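# Sequence first, predicted model second:
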Amino acid sequence: MIGKIDDNGQSYAQSSGMNTYMMRLAEVYLNLAEAILGNNASTSEQAACDAFNAVRKRAGMPSLTTITYSDIHYERRIELALEGQYWYDLLRRSYYQQQEVVNYLNSQERNAGYEWDETEACQYAKTSDGTGVSTATSANLTLPISDVDRGRNPLLNNDPVAYEFGAKEVTENDLFND
């Protein structure tokens, strides 16, 4: 429900008809660390390390002074397990490191069979290889543009062009002081 005020100044409740997305603070911290890291191999920037280590500290893990994409990737996988985020993490990474993601997907033992076995270190023994699993390609990481949209905007048939960032077109003063 959202509080609204009508033309006469009376307040009333109105259903927004929208779902509310909940985001855990740990995800916000890890997103911040990943954004600061960007496409660099590693970072020791204080803001990134503070955000990343806040998640590790809560879990009783030691702090790191330098973090890499692999550190963030692992921390997100552990911290956000079973929350449906991992596939989107891979898709986001594929915009910059497409072949790395394709190789990662193809190196997994997908659809393999396992059974409980107390003699194994992980307590599960592999009983069969995965069958019926297709090989991941870059086409699996993007959705096609619909024919309807291509018909409405023929420019979508052209190859994408990198956006060139220039001077700010809108200043903070324009946004907040009018």
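Here it is on my side, so go on.

# Measure how buried Glu75 is and give me the count.
Glu75 is flanked by 22 other residues according to other C-beta atoms under 10 Å. (Each C-beta comes from the backbone N, C-alpha and C, glycine too.)

# same deal with Leu90?
When neighbours are counted by other C-beta under 10 Å, Leu90 comes out with 18.

# do Ala59 as well
10.

# Now do the contacts for it.
Residues counted as contacts of Ala59 (C-beta atoms under 8 Å, 6 or more residues apart in numbering) are Glu79.

# Local confidence estimate at it?
For Ala59, the pLDDT comes out at 91.

# Pull up the gap between it and Tyr69, please.
According to C-beta to C-beta, to the nearest Å, Ala59 and Tyr69 sit 20 Å apart.

# I'd guessed Gln123 sits against Glu115; true?
No. Assessed by C-beta atoms under 8 Å, Gln123 is found out of contact with Glu115, at 10.1 Å.

# what is in contact with these two at once?
Common neighbours of Gln123 and Glu115 (C-beta under 8 Å, 6+ apart) do not exist.

# Run through the residues that contact Tyr96.
Asn39 are the contacts of Tyr96 under C-beta under 8 Å, 6+ apart.
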